[in-house]
Structures are given as structure tokens and as C-alpha cells.
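Peer 1: Build me a model from this:
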Amino acid sequence: MKKQNTIPEITLSPKEVTALLSSRPPRSLLRTVMNALSTYPYCLKISGLIGHFTDEYKSEIFHLLKALKTIADPSSSAKVSMTRVEIKPEESRQKSSVTRYSRTDQKISMHTDSSYDMNPHNIMGFQCIVPDPSGGVSFLMPIDHLLDNLTEPEQALLREDLFPFREGTVLPILYDDEEGPSIRYYRSQLDIALSKENALQEKVGPLLDKIDGLLGQEDAHLQDAMGAGEMILINNHKVLHARSALSDKSNRLIYRGRISIHPTLSHLRLSWWPLKMIKKLWYAIRKSIPVDMSAVDKQIKKALRQDDLKTAAALIESYFDAFASDSSRPFHLAAIYGSLGEKEKAERAKKKACQRRPLVAETEMKKERISVMTIRGFKDGKYIYKKSAGRYSPSLMQGHFSLRNFLRSDEFNITKLNHYDQTDWASLATPDVDIFVNTVACAERMKEGLTALETFVENSGCRRIINPPRNVLETTRVKNYQSLGAIPGLVFPRTELFTVEGLSLLAVMKKIDEAALNYPIILRPSVTHTGKFVTLARTREDVESYFESHRYWGDYYAIEYRETVTDEGLYNKNRTFCIDGTFYPVAGLHHDQWNIHSGDRYSVMDKQKRLQEWEQNYLENFHEFLGEGLTALHAIRDQLKLDFFGVDFTKLPDGRLFIFEANASMRHNFDHAGNFPYTRPYLDKVSEAFDRMISQRVSSQ
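Peer 2: You can find the predicted model right below:
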């Protein structure tokens with residue numbers, strides 16, 4: 001996303017100003033304002049105005065906000081909230097309310113307005129009537145800067161109902177509404193309550209300090225010193241604002257206006273529809289009761305097209321029992337809650353969806369074909385909505401391996417099992433099953449689901465299964481270190497697991513110190529195999545800094561780092577898949593950073609032909625490249641007892657294999673085959689080997 005340090009600006013013509021003051025603003029102006037407030041940086045400066053009004057209810061900002069509210073939400077009777085903001089020296093001596101600061105000459109720190117409300121105003125603006133001669137600069141910061149610099153665990157904590165904005169009002173700082181990620185924040189309000197709650201202060205204080213540090217980064221500020229008549233509008237759900245100090249005895253006068261629009265700014269883009277149609281739409285949303293499920297489904301689709309996930313969720317919840325058993329809408333509800341960060345609701349919805357629709361036929365069923373049941377585990381899995389090409393679709397993001405490039409032939413009848421924690425096979429009206437394919441792959445994240453799945457599969461009576469759950473459960477990083485570390489020809493780095501949730505930083509560091517790990521160490525959350533939130537800590541101070549921001553998740557791995565950089569300053573990571581006991585090479589990557597992923601091909605490898613030739617040689621001469629290392633890989637295979645898994649490794653100068661990881665969570669994909677065409681034949685071999693394994697397992701028993 002391209003950042004900017006100036007506020008987008010438009011200048012109105014005298015004709016447009018006259019029309020605005022006559023309560024007949026051009027529709028094109030309203031569309032411009034709406035689009036500006038609903039897209040980054042969610043703010044707009046308007047100049048060319050008169051501004052010489054002694055009554056705030058006759059000003060341009062009042063007329064503009066009134067027009068926006070009328071055209072966007074014609075059924076609402078709520079008024080435009082207007083306030084005269086002028087300096088009152090006596091306010092500086094009163095400390096009973098943090099909101100008094102707006103009427104003093106003191107600077108005001110970054111905040112959002114109406115932060116103590118359950119539903120803060122979503123549009124607000126300032127029109128300058130009398131400017132300050134040497135102060136009063138407005139500073140804005142879009143929410144994006146915070147989201148880009150706060151970790152996922154930090155954001156999760158900020159979404160909890162923990163933060164006391166005033167007595168009796170505990171709210172989240174980050175929340176998701178129809179506009180997507182939104183924020184309410186006023187540190188002064190929070191500090192008043194936190195000063196009386198030591199335990200809460202200890203839990204959230206460091207994170208609030210980090211937010212304040214981010215808000216203080218001036219290079220991320222948008223700023224403007226409004227002149228007479230000029231106006232700034234902001235999306236109060238997306239933008240924090242501040243003000244510099246004013247000059248002594250300032251006579252600065254600002255008109256501040258606020259409005260709340262339902263269903264929020266995302267829907268305002270509909271404003272180019274005829275006004276009659278808009279009124280009909282809002283009436284339907286607010287008043288009408290659909291008489292059939294096709295009408296409900298139509299409204300759900302409309303809400304999703306408009307990015308209005310909360311409205312879609314409310315509709316699905318309201319009519320949950322009315323959806324047919326073959327409807328996918330219950331799964332959509334689970335994905336929506338997952339996207340909104342509402343974990344408890346997401347887990348309940350996933351369980352209900354799996355109970356409602358445990359089996360889904362993926363292909364036409366023909367008697368002569370092999371019948372395959374693929375298993376997806378939803379308990380504790382990350383199930384969210386992903387948007388692509390303007391369309392939403394549910395996606396199971398973590399804890400599994402993908403079948404997208406497997407089971408590609410027409411030899412298979414495929415039924416998908418949606419599993420949460422069921423153990424009763426007999427209650428399902430199941431088709432005949434020749435073989436199960438268990439795609440649940442993460443022993444850490446999916447432990448409870450895998451345990452229940454093992455019982456479920458046992459009760460089925462089918463003895464053919466790819467990757468039995470009990471074997472997957474044995475492939476955590478710690479268990480791999482314990483079982484694979486002693487294999488001759490292998491080096492598996494020391495790996496320790498730490499539970500840190502709820503602990504003070506002092507207690508976390510005590511655990512780390514007691515483990516007596518050799519630095520540097522790699523720190524990573526246990527529940528993901530991606531590179532997200534992974535760091536290399538070279539000193540104890542680095543570890544302390546990491547956990548200052550990341551101790552809100554439950555478990556973390558600490559892995560002793562081994563330097564494997566070559567004389568050329570490059571790092572290497574190779575991947576091979578093991579399918580039915582045979583290893584197939586798929587990638588030999590080089591990068592100038594230690595934490596290598598497939599997308600890093602475009603940093604170094606795409607520019608150096610010799611590195612591509614190196615990878616091609618690795619693929620063509622895999623066994624020769626490994627040498628005695630092949631025996632070590634076979635020992636890994638025999639220990640893990642999985643039918644499908646991947647190994648990431650590099651070859652050390654002494655010929656031993658240094659193992660980065662070995663598990664079934666690795667994704668088989670053709671993402672880069674177009675740019676590196678020599679890899680395609682080897683990727684095809686992996687797909688073919690998987691399908692061949694299924695056929696041979698069934699025919700041999």
C-alpha cells in the first residue's frame with residue numbers, strides 16, 4: 001500500500017459551495033467524499049469554502065454532514081452533532097474530564113472521538129472559522145500504520161473486551177465492523193481507570209505504550225494547518241487525530257461535526273443509485289422480514305459483496321435452522337466469525353456447521369471408481385473468509401496440507417468429511433469408503449481434533465488411511481528433536497517448548513534462562529509453520545524484546561540456530577516430499593537471508609542463472625546430491641511413519657543433513673512453475689505419486 005504524508009484535498013467551486021449551502025450539494029461531491037472516507041487514508045480536506053458563519057448550524061460542514069446522512073441513511077432521525085471548539089483558559093485548570101483538552105491551548109495526543117461509546121460516530125470533521133496564527137496543526141494517522149506494526153497476538157489482545165474507557169464501560173480497542181478493522185483509542189481515558197487496576201495495567205500497559213510509540217512516529221503522520229474556511233473530514237473508525245499546541249491567548253474557533261451512518265461507510269458507495277432505490281434498500285434492511293430462504297440468501301450475498309460481514313453473519317444466525325442440510329451457509333458463518341477475530345463464536349459455528357453438514361460429495365459417484373474420503377479438521381483450525389477478485393470464499397488456512405494438486409485423476413469418488421470433534425461413525429449415513437486421506441497435519445495446533453479423529457476413524461472399521469492421526473500427533477517439533485536428533489548423518493537443532501501465556505515478562509525470561517540454550521535462538525509460535533512472527537534472537541536482550549510484544553499467545557518454540565551461510569553470503573534450503581516411502585525433490589532454494597520461503601525465489605535466484613542451474617542439478621541428481629544423506633532420510637521416514645510428509649534441509653560441508661523441519665503441513669503447489677519451468681516435471685511427479693499411492697493401497701488389500 002502506498003503511504004502518503006499529505007491529506008487528500010479537493011477545492012469546491014463557488015457554484016458547488018452555493019449548492020451546498022442551499023442543501024442541494026452535487027451527488028458527485030457526495031460520492032467523492034464517501035469514497036475518500038472509505039479508502040486509505042480515510043480522510044479528505046476541502047477548501048474553497050466561505051467559513052464566515054457565526055452559527056455552526058449554518059456552516060458548510062453542517063450542511064455537508066447533513067447531506068451525507070440524509071442520502072446514505074434516509075430512514076434515520078438522528079441529528080448531526082455540532083460543537084463550537086474555542087479556547088477557554090479556565091478549562092486548563094480543570095482536570096475532571098479529558099475532553100476539556102480540546103478547549104485549552106495544550107496539545108492533544110492521538111485519539112478517536114466517542115471512544116467510550118459502544119458505537120462511536122463513524123464520520124467527523126472540523127471546519128476552521130478562525131485559525132491560530134502559529135499553532136493548531138492537525139495530525140492524522142490511519143489505522144493501517146498500527147496494524148502493520150502490531151503482531152497478531154497483540155491485535156488479538158486489543159480485540160478483547162478489556163479496556164475501561166470510562167467507569168462501567170469495558171470495550172475492545174480494535175474491533176471489526178462492516179468497515180473491516182476499526183479502532184477506538186484515548187489513552188488519557190484509559191489511564192484514569194487503569195490507575196485503579198494494577199493487574200490489568202500490568203497486562204495491557206506495555207502494549208498501550210507500544211501503541212503510543214507508534215502513534216508518535218511523525219513520519220507516519222498526515223498533517224495540515226487549516227486556514228480560514230477549510231475543512232477536514234475523517235473516518236473516525238479508521239483514523240486517529242491529534243493537534244499541536246496553540247499560541248498564547250489564541251482566538252482559534254473550530255466547528256466540529258459528527259454523524260453516525262448505518263450500515264457504515266462500505267455501503268455509502270451505493271450512493272450513485274437513484275435516491276428512491278436507496279430509500280427502498282434501507283427500508284428492506286431495517287424493516288422487511290424475508291418470506292423465503294432464497295430472499296435471505298440474496299441478502300447475504302449482497303452483504304458479502306459490500307464487505308459487510310457482520311450483516312451477513314446476523315442474517316445467517318437468524319435463519320440458521322432454516323438452511324437446508326446441504327447448504328454451505330453454516331460454514332460461511334464460521335468463516336465470517338474467524339475473519340472478525342471472534343474466536344469463541346467461530347468455534348461454536350464450526351462445530352454446528354460440521355454437525356449440520358458432515359459429508360460433502362466432491363465428485364459424481366460411480367461404482368467402478370475408488371471411493372476416497374478426505375478429512376478436514378475444524379477444531380482449532382484457522383477458518384476465515386478470503387477475498388479474491390472481489391468475491392469472498394471460506395478458506396481453511398492452517399493445520400492441514402492442501403489436496404489442490406492431488407487426487408487429480410478421474411479414478412476417484414471423493415467425499416469430504418468435515419470433522420470437529422465427532423467420534424461416532426455409526427450416526428453418519430456414509431457411502432462405502434475404500435480409503436481415508438487425513439489432511440490434518442499440525443500436531444501442535446490440531447492436537448484435540450486429531451485425538452478425536454483417531455477414535456472416529458477407528459470406529460469406521462476402515463483400515464486404510466493416509467497419515468493416521470496417532471502418527472501425526474507424534475510430529476511436533478519437540479518430539480522430532482527428541483526422536484530424530486540421534487539419527488546418524490542428521491543434525492536436528494535443539495528445540496524447547498515454552499508456555500508463556502499469562503506470565504509476566506520476568507517469569508518468561510526465567511524459563512528461557514533455565515533452559516540454558518545456546519545463542520542465537522529462533523523464536524516462533526508453536527501453532528504455525530509459516531514464517532510469520534518468527535525471529536532470530538542473537539542475545540538475551542533480543543529475547544526479552546520479542547516477548548514484550550509476543551507473550552499473549554500460549555506456546556512458543558525456542559530453537560538453537562546454526563549458521564549455514566556460504567562463502568558467497570547465501571543460505572540454502574531444499575525440500576523433498578516423501579510419498580509412500582519414496583522421496584521426491586521439489587525445490588532447492590538460495591537466498592541472502594536465513595529465513596527462506598518459496599517466494600524468496602524473486603530476491604536472488606531469479607537474477608542468477610547459476611543458482612537456477614544449481615536447483616536443476618539438485619532435482620535431476622537428487623540421490624547423488626544426498627549421498628549417505630539418503631540413508632538418513634530413510635531413517636526419518638521409518639521414525640515418523642507417515643504416508644505423506646515433507647522435509648526441509650540443507651547439506652552441511654561434512655555431508656550431514658541439517659533438518660529445518662519435517663512434517664505433513666507442507667504445501668505442494670505450482671505457484672512458481674511458470675517462472676521456473678524446469679521445476680514442473682518434478683512437481684508433476686509428486687502429484688502422480690500421491691494418486692498412485694491411493695490406487696495401490698486399495699488394490700493391494
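
Peer 1: For residue 480, see how far away the residue nearest to residue 587 when sequence neighbours are not counted is.
Peer 2: Leaving aside its chain neighbours, residue 587 sits nearest to residue 575 (4.4 Å; criterion: CB to CB, 6 or more residues apart in numbering). Every residue, glycine included, has its C-beta placed from N, CA and C. Note on residue 575: its distance to residue 480, by CB to CB, to the nearest Å, is 16 Å.

Peer 1: And for residue 574?
Peer 2: In this view, residue 574 and residue 480 are 17 Å apart by CB to CB.

Peer 1: ok, now residue 436?
Peer 2: Taking CB to CB, one finds residue 436 at 24 Å from residue 480.

Peer 1: same thing with residue 469?
Peer 2: 17 Å.

Peer 1: which of these two has more neighbours?
Peer 2: residue 469 (25 against 21; other CB atoms under 10 Å).

Peer 1: Could you verify my assumption that the more buried one touches residue 451?
Peer 2: Yes: if you go by CB atoms under 8 Å, residue 469 and residue 451 touch, sitting 7.3 Å apart.

Peer 1: How are the helices of the stretch 501-650 of the chain distributed by residue range?
Peer 2: Counting by DSSP state H, counting those that start in this stretch, one finds helices in the stretch 501-650 of the chain at the ranges 505-515, 540-550, 609-620, 622-626, 629-640.

Peer 1: nearest to residue 15, of these?
Peer 2: Ranking the helices of the stretch 501-650 of the chain by proximity to residue 15 (CB to CB) places helix 540-550 first, at 53.0 Å.

Peer 1: and that closest one, which residues are buried?
Peer 2: Across helix 540-550, burial judged by 16 or more other CB atoms under 10 Å covers 542, 543, 546, 547, 549, 550.

Peer 1: If I look at the second one, what pLDDT would I see?
Peer 2: This means residue 543. Note for residue 543: predicted pLDDT of 91.

Peer 1: Nearest spatial neighbour of it, chain-adjacent residues omitted?
Peer 2: Nearest residue to residue 543 in three dimensions, chain neighbours excluded: residue 537, at 4.5 Å (CB to CB, 6+ apart).

Peer 1: Return the residues in contact with the one you found.
Peer 2: With contact set as CB atoms under 8 Å, 6 or more residues apart in numbering, residue 537 has these partners: 519, 520, 521, 522, 523, 543, 546.

Peer 1: Pull out the buried members of those residues.
Peer 2: Counted by 16+ other CB under 10 Å, the contacts of residue 537 give 520, 521, 522, 523, 543, 546 as buried.

Peer 1: Between those, which sits nearest residue 637?
Peer 2: Proximity to residue 637 was ranked across the buried ones among the contacts of residue 537 by CB to CB; first place goes to residue 522, at 25.0 Å.

Peer 1: The closest one touches residue 556, doesn't it?
Peer 2: No: shown here, residue 522 and residue 556 do not form a contact pair, counting by CB under 8 Å, at 10.3 Å.

Peer 1: all helices for the stretch 351-500 of the chain, in order.
Peer 2: For the stretch 351-500 of the chain, the helices defined by DSSP H, counting those that start in this stretch occupy 447-460, 469-472, 477-484.

Peer 1: can you list the ones you listed in TSV and add mean pLDDT and distance to residue 645?
Peer 2: Converted to TSV, those look like this (pLDDT from 0 to 100; distance: least, CB to CB, whole Å):
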stretch	mean pLDDT	distance to residue 645
helix 447-460	88	15
helix 469-472	96	9
helix 477-484	94	11
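
Peer 1: quick one, which of those helices is nearest to residue 85?
Peer 2: Among the helices of the stretch 351-500 of the chain, helix 447-460 sits nearest to residue 85 (CB to CB), with 54.5 Å.

Peer 1: for that closest one, packing partners?
Peer 2: Helices and strands touching helix 447-460, as assessed by 3 or more CB pairs under 8 Å, 6 or more residues apart in numbering; DSSP states H and E, comprise strand 370-377, strand 412-419, strand 435-438, helix 469-472.

Peer 1: Most tightly packed of these?
Peer 2: Most buried of the helices and strands packed on helix 447-460, by mean neighbour count (mean count of other CB atoms under 10 Å): strand 435-438, with a mean of 24.

Peer 1: Show me the contact partners of that one.
Peer 2: 370-375, 403, 407, 453, 457, 460, 462, 464-469, 472, 694, 697-698.

Peer 1: Alpha carbons of that strand, in CSV - could you do that?
Peer 2: What follows is strand 435-438 as a C-alpha-only set of coordinates in CSV (Å, rounded to 0.1, in the frame of the first residue of the first chain):
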residue,chain,number,x,y,z
ILE,A,435,-9.6,-45.3,1.9
PHE,A,436,-9.3,-42.2,4.1
VAL,A,437,-7.0,-39.3,3.4
ASN,A,438,-6.3,-37.3,6.6
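
Peer 1: Quick check: mean pLDDT of it?
Peer 2: On average, the pLDDT along strand 435-438 is 94.
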